[in-house]
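**Q** how would this look folded up:
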Amino acid sequence: MKEGRLFRTVIFDFDYTLADSSRGAIKCVNQVLSDMDFPQASPDAVCRLIGVSLTGIFRELTGRESAEQTQEFIRLFEHYADQYMADLTVLFPTTAPAARALKRQGKNLGIVSTKFRYRIEGILKRDGLDGIFDVIVGGEDVAIHKPDPAGLLQAIRFLQTPPEVTLYTGDSVVDAETAVRADVPFLAVLSGVTEREAFEGYPIIGAMENLSYLPAWLKNSDHNN
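**A** This next block holds a predicted model:
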């Protein structure tokens, strides 16, 4: 882990970084595939696509690129996600303690995710974390999703902190690529399904098993400046 840089802002991915939404994703994806007369996807296949745009998920699971079918997949997924996703999503046990510790350190906090913002806000409110994140950019807030950096750059502009003192934290190579395109330092958290080796070739500043280590690491990094 590289230390010695002062970070004023920490922006997180949501799925598999702050929360486990795998049960909801599996249920919603397979319900949609069933409705559209496609074969069911394995839980592993769905989990490995969490964080990918719905367009990408449809293409990867069906091999189809029809614009009409893609839009139908998205419409149905959003319908079922409104019913099931929040109830089947749980924050990791490390999320609340880490977020509160970072706020005590005076960090600006944000979330940038392909998950819709209103779902994220509902989950955070349910678990007592509403208001702790200064900005949330969800899938409905940008025209192009990760790894396009639009959402991350939008959050940075809102928080008014330069990219070089902003840390983006996520669990996937999609998140790593997003950070590269935004020219933002990236920290990998290994709480999802992506192995550490997958981040080789990306200029990450480090990797940690879960967010419980992040407040102490940032505090040490601040003190080394």
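**Q** what's the domain layout of the chain?
**A** What automatic domain parsing lists as the domains of the chain is 9-20+89-223, 22-84.
**Q** deepest-packed of these, please.
**A** domain 9-20+89-223 (a mean of 19; mean count of other Cβ atoms under 10 Å). Where you see a C-beta, it was placed from the backbone N, CA and C, and this is true even at glycine.
**Q** check contacts around residue 159.
**A** By Cβ atoms under 8 Å, 6 or more residues apart in numbering, the residues touching residue 159 are 9, 11, 108, 110, 134-135, 166.
**Q** list just the nearest of the residues you listed to residue 60.
**A** Distance to residue 60 across the contacts of residue 159 (Cβ to Cβ) is lowest for residue 11, with 25.8 Å.
**Q** ok, back up a step: can you put the domains of the chain in TSV and add mean pLDDT?
**A** Output for the domains of the chain, formatted as TSV (pLDDT from 0 to 100):
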stretch	mean pLDDT
domain 9-20+89-223	96
domain 22-84	96
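**Q** gap between residue 147 and residue 175?
**A** 8 Å (Cβ to Cβ, to the nearest Å).
**Q** then residue 109?
**A** 16 Å.
**Q** figure out how far stretch 62-78 is from the centre of its chain.
**A** Distance of stretch 62-78 from the chain centroid (Cα atoms, centre = their mean, to the nearest Å) equals 22 Å.
**Q** whoops, stretch 12-20 was the one
**A** That offset, for stretch 12-20, works out to 5 Å (Cα atoms, centre = their mean).
**Q** gap between the two ends of that stretch?
**A** 14 Å (Cα to Cα, to the nearest Å).
**Q** what's the lengthiest helix in the chain packed up against?
**A** Counting residues, the longest helix in the chain under DSSP state H turns out to be helix 67-84. If you count contacts as 3 or more Cβ pairs under 8 Å, 6 or more residues apart in numbering; DSSP states H and E, helix 67-84 packs onto helix 22-35, helix 54-62.
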